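Peer 1: model this:
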Amino acid sequence: MGDRNAAHWLIAAGALAALAGCGRREAADWRQAQATAPGAQAAAEGYAPPPRVVSILALPSGGVGLTGAAAPDAVVRLRSPDGTILEAHANADGVWNLDAPGAGSVRLFGLSQTVGDSVTQGEGYLAVLPPPVVGGMGTALLLRSGAGAQPFGEAQAAPRIVAVDVDSGGGAVVSGLAGASAPLHVVLDGAKAGEGTADAKGRFSITLSASVAPGGHVVTVQTGGQGAEARAEIAVSPPQPLTAGPYAGQRRDGGWRIDWMTPGGGVQTTYAADAPTREGIE
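Peer 2: A predicted model of the protein is given here:
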């Protein structure tokens, strides 16, 4: 995906808040909502750091329990395009907790905090995923334009592919969890396609060196010394027009496909793999 969408994260989350309750919109209206999102102004003027989700816990109901960081005593809101608003209050240390209920399909939320008259948007979109068809519970990912989805969870010895993001030009990013600071290699259809290092929490997002064409593909992430690897199969195809809102989720074998509109007006596709029954705390 390169750097062409990387700068857009500052205003990405504000779009969902701006669209809430507005129903169906044309692409031009969506782009305008991105341009006028209050998070962009907040970042430019040096307000408090944006709110963020720190950890998630899968709930028996299929939803997720969220723990996050925000400005002290801020009002924290999750807002979806259908008008749903979930609200929590951060304590004096800036810690907040909120339960996001599950549903039969993918739900996207924009995260924001309000302190007095100042509204600051969080990075990206929080995607709450339904439970897998067979067993397990719901989970969540942070969708990021041009940067790959961010998983929530603990470092683990064996790598795990959580999501593969593909843009309209075939640029792709593989994201997941591995050992803390572990060196990683990505193989696409048997050929070396990228390398990177997990961060201190075991999270990684590695941009592939070659474009991904429509069709079936096998993605493998390998660790260096231990030889452990994770494997995912994805069927890449162009997204359908987003006629019912700024995103659409479809159930696929082993996971979910999410087509969602980026701040630049294009559509990015996130192939999210089914999660284990429980996500760890960061």
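Peer 1: which residues touch residue 162?
Peer 2: 141, 149, 151, 153, 175, 176, 177, 272, 273, 275 (C-beta atoms under 8 Å, 6 or more residues apart in numbering). Glycine gets a C-beta too; all of them are placed from N, C-alpha and C.
Peer 1: and the pLDDT for it?
Peer 2: Note on residue 162: pLDDT of 94.
Peer 1: any idea how far residue 240 is from it?
Peer 2: Residue 162 sits 24 Å away from residue 240, going by C-beta to C-beta, to the nearest Å.
Peer 1: swap in residue 126?
Peer 2: Distance from residue 126 to residue 240, by C-beta to C-beta: 23 Å.
Peer 1: where in the stretch 151-282 of the chain is pLDDT low?
Peer 2: Along the stretch 151-282 of the chain, segments meeting pLDDT under 70 span 225-227, 275-282.
Peer 1: got the domain boundaries for this structure?
Peer 2: If you go by automatic domain parsing, the domain ranges for the chain are 6-129, 148-273.
Peer 1: and the end-to-end length of the last one?
Peer 2: For domain 148-273, the first and last residues are 13 Å from each other (C-alpha to C-alpha, to the nearest Å).
Peer 1: check the offset of it from the chain's centre.
Peer 2: Counting by C-alpha atoms, centre = their mean, to the nearest Å, domain 148-273 is centred 11 Å from the centre of its parent chain.
Peer 1: nearest to residue 263 among the contacts of residue 162?
Peer 2: Closest approach between the contacts of residue 162 and residue 263, by C-beta to C-beta: residue 149, at 15.9 Å.
Peer 1: need the contacts of residue 162 in CSV (columns: distance to residue 70).
Peer 2: What follows is those, written out as CSV (distance: C-beta to C-beta, whole Å):
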residue, distance to residue 70
141, 20
149, 22
151, 21
153, 21
175, 24
176, 27
177, 25
272, 25
273, 29
275, 25
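Peer 1: mind giving me the ChimeraX select for those residues, buried ones only?
Peer 2: Buried members of the contacts of residue 162 can be picked out in ChimeraX with the line below, counting by 16 or more other C-beta atoms under 10 Å:
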select :141,149,151,153,175,176,177,272,273,275
